[in-house]
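Here is the input, now give the coordinates:
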Amino acid sequence: MLHRAYFGKAKSEVAAKELPGMSLRELSIILLLVLLLVLLGFFPQPILDTSHAAMSNIQQWFVNSVSTTRP
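Just a heads-up that it's a prediction; the model follows:
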């Protein structure tokens, strides 16, 4: 309804058709991603452990750059 108010009537038959629903493949991929997201929300420690070394290096780099530029 808002689309029609802003842009007017659809100019072609393709644009006027509704989009088809999700296929089983798309739905299963989305459900898998949602499940992984929920699991990472409850159990983030494996990801944090994996990235700890890299984050420590980045943190040390920032600490060193701030301490050398401070008057």
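
for this structure, what spans make up the strands?
Counting by DSSP state E, no segments of the chain form strands.

What ranges in the chain fall below the confidence cut-off?
Along the chain, segments meeting pLDDT under 70 span 1, 3, 10-17, 19, 67-71.

what about the longest helix in it?
Identified as the longest helix of the chain according to DSSP state H is helix 45-69.

Not counting that one itself, show me its contacts.
Applying C-beta atoms under 8 Å, 6 or more residues apart in numbering, the contact partners of helix 45-69 are residue 40. C-beta coordinates here come from the backbone N, C-alpha and C atoms, glycine included.

from the chain's centre, how far out does that helix sit?
Relative to its chain's centre, helix 45-69 lies at 23 Å (C-alpha atoms, centre = their mean, to the nearest Å).

Could I get the phi/psi values of residue 23?
When read as degrees, to the nearest 10, the backbone of residue 23 gives phi -80, psi 170.

Look up how far residue 45 lies from it.
Distance, residue 23 to residue 45, using C-beta to C-beta, to the nearest Å: 35 Å.
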